[in-house]
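[1] Below: sequence and its predicted model.
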Amino acid sequence: MSPASPTLPRVNDFAAPVAQAPPDVPATGSAGEPAAEPAAEPAASDRPARGPSLSPSRAADFLTCPLLYRFRVIDRLPEPPSPAAARGTLVHAVLERLFDAPAPDRSPAAALALLGPEWDRLAAAEPELTSLFADETERAAWLAEARTMLERYFALEDPTRLEPAHRELAVEAVLDSGLRLHGYVDRLDVSPAGDLRVVDYKTGTAPRADFEARALFQMRFYALVLWLSRGVVPRLLQLMYLGNGEIVRYAPDEGDLRATQRKIEALWLAIERARAAGDWRPKRSRLCDWCAHQSICPEFGGTPPDLPSAHGAGQADRSGRPDGRVREADYGM
Ligand code: SF4
């Protein structure tokens, strides 16, 4: 399945050998107005959150359900890890580590051999993960599915033929309004010609239309941030669905990214209005099936807690991906 435009670059454009570093590009500025100084590599994860900020995950939350956004950003309610989210974290961790090895050694066997150590590392960082499974049979089935996803990855791509420029890259850019956009890109490839390919691994299955729209919004968000911070429109956005072995590719252009920026700005305005009014409405959808907060959601007969006293304007969205922590489940299920 691919909604990509006919101007799609060939996949081989990104085959090894590739540049290890991005090309020199202008620094952060508004879309179409790159600043004059060369950009330093963003290190969003190293900096304290400041000012209003938004990640693609939280933007998608508000679009999905304003009350879910409130629970996650304003109330900061904990969400128990799920087996699906933990498996996604594990598979992502293995795929990140796989590229530590020299290209010829990136075999399916090498990837599978990383499963055990990476699981140990994740479980050490988050001990509650070990209680996700009722018994060893359940854990073995869960692990078998992670293995299958890694095998599917090798059917989609040959990692011996590419050299990612970045893995788990923290990216950020600040709009003229002061809103900081930030997020983590699973992988960024840079071709010898300087073209950027943004790669995201999805551990759900087939991307039904609404889930795919959510995933592509996330990818356009990243593409916008990269355009603003590097002055280069990514040539290709690539979603790799490891649950069913599909790839979705999309070639964005400046018009796409300007539209994405307008959408994000309008979305932020809506978030600020909801915050000012204290009006965070539930929006029931199929995604409620994955929501950890049904018991306090009016749509399911629950009552949300009182809003915390400090929920004023400009609150930062602190969503991030600190090393060793479980990722959110992607909804492509
Ligand atoms: S259960 Fe559904 S409607 Fe309620 S907060 Fe969660 S996503 Fe929103």
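    Looks like it came in fine. Numbering: from 1, shown residues only.
[2] quick one: low-confidence parts of this structure?
    Along the chain, segments meeting pLDDT under 70 span 1-50, 205-210, 310-333.
[3] which bits of it sit near the ligand?
    65, 67-68, 282-284, 287-288, 291, 293-294, 297, 299-300 (Cβ under 6 Å from any ligand atom). For glycine as for every other residue, the C-beta is placed from the backbone atoms N, C-alpha and C.
[4] top of the residues you listed by neighbour count?
    residue 67 (26 neighbours; other Cβ atoms under 10 Å).
[5] ranges for the strands of the chain?
    53-54, 166-174, 180-190, 196-202, 236-241, 246-250 (DSSP state E).
[6] so can I have a markdown table of the ones you listed showing mean neighbour count and distance to residue 60?
    Compiled in a markdown table, these are given as follows (neighbours: other Cβ atoms under 10 Å; distance: least, Cβ to Cβ, whole Å):
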| stretch | mean neighbour count | distance to residue 60 |
| --- | --- | --- |
| strand 53-54 | 22 | 10 |
| strand 166-174 | 20 | 16 |
| strand 180-190 | 23 | 11 |
| strand 196-202 | 23 | 13 |
| strand 236-241 | 24 | 14 |
| strand 246-250 | 19 | 16 |
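[7] Pick out whichever of the residues of the chain next to the ligand sits closest to residue 182.
    residue 68 (19.4 Å; Cβ to Cβ).
[8] Next, the contact list for residue 60, please.
    214, 217, 218 (Cβ atoms under 8 Å, 6 or more residues apart in numbering).
[9] For the residue in the stretch 1-150 of the chain that the ligand sits nearest to, list the residues it contacts.
    In the stretch 1-150 of the chain, no residue comes nearer to the ligand than residue 65, which is 3.3 Å away by Cβ to the nearest ligand atom. Applying Cβ under 8 Å, 6+ apart to residue 65 gives the contacts 282, 283, 284, 285, 287, 288, 291.
[10] Next up, phi/psi of the closest residue to the second one other than its chain neighbours, please.
    If the residues on either side of it in the chain are set aside, residue 283 comes closest to residue 65, at 4.2 Å by Cβ to Cβ, 6 or more residues apart in numbering. Main-chain dihedrals, residue 65, degrees, to the nearest 10: phi -170, psi 110.
[11] Show the buried residues in the contacts of residue 60.
    Neighbour counting by 16 or more other Cβ atoms under 10 Å classes 214, 217, 218 among the contacts of residue 60 as buried.
[12] mind checking how far the residue of the stretch 1-150 of the chain closest to the ligand is from residue 91?
    27 Å (Cβ to Cβ, to the nearest Å).
[13] same question, residue 305
    In terms of Cβ to Cβ, residue 305 sits 34 Å off from residue 91.
[14] Of these two, which one has the most company?
    Neighbour tally, residue 305 and residue 91, criterion other Cβ under 10 Å: the higher count belongs to residue 91, 27 against 9.
[15] my guess is residue 239 meets residue 202, correct?
    Yes - in terms of Cβ atoms under 8 Å, residue 239 counts as a neighbour of residue 202; the distance is 5.8 Å.
[16] Now the common contact residues for those two.
    Common neighbours of residue 239 and residue 202 (Cβ under 8 Å, 6+ apart) are residue 215.
[17] Now the terminal residues of stretch 126-136, how far apart.
    Across its full length, stretch 126-136 reaches 19 Å end to end, with Cα to Cα, to the nearest Å as the criterion.
[18] How far off centre is that stretch?
    25 Å (Cα atoms, centre = their mean, to the nearest Å).
[19] What residues sit buried inside that stretch?
    Buried residues in stretch 126-136 (16+ other Cβ under 10 Å): 129, 132, 133.
[20] Serialize those to TSV and add fields for distance to residue 112.
    Output for these, formatted as TSV (distance: Cβ to Cβ, whole Å):
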residue	distance to residue 112
129	20
132	21
133	20
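[21] Among these, which one sits closest to residue 177?
    Distances from residue 177 to the buried residues of stretch 126-136, taken by Cβ to Cβ, are shortest for residue 129, at 38.8 Å.
[22] counting residues per helix, which one in the protein is longest?
    helix 254-277 (DSSP state H).
[23] leaving aside the residues next to it on the chain, what's closest to residue 195?
    Per Cβ to Cβ, 6+ apart, closest to residue 195 is residue 235, 4.0 Å.
[24] and the gap between the nearest residue to residue 166 once chain neighbours are set aside and residue 182?
    Nearest residue to residue 166, sequence neighbours excluded (Cβ to Cβ, 6+ apart): residue 188, at 4.3 Å. Using Cβ to Cβ, residue 188 is found at 15 Å from residue 182.
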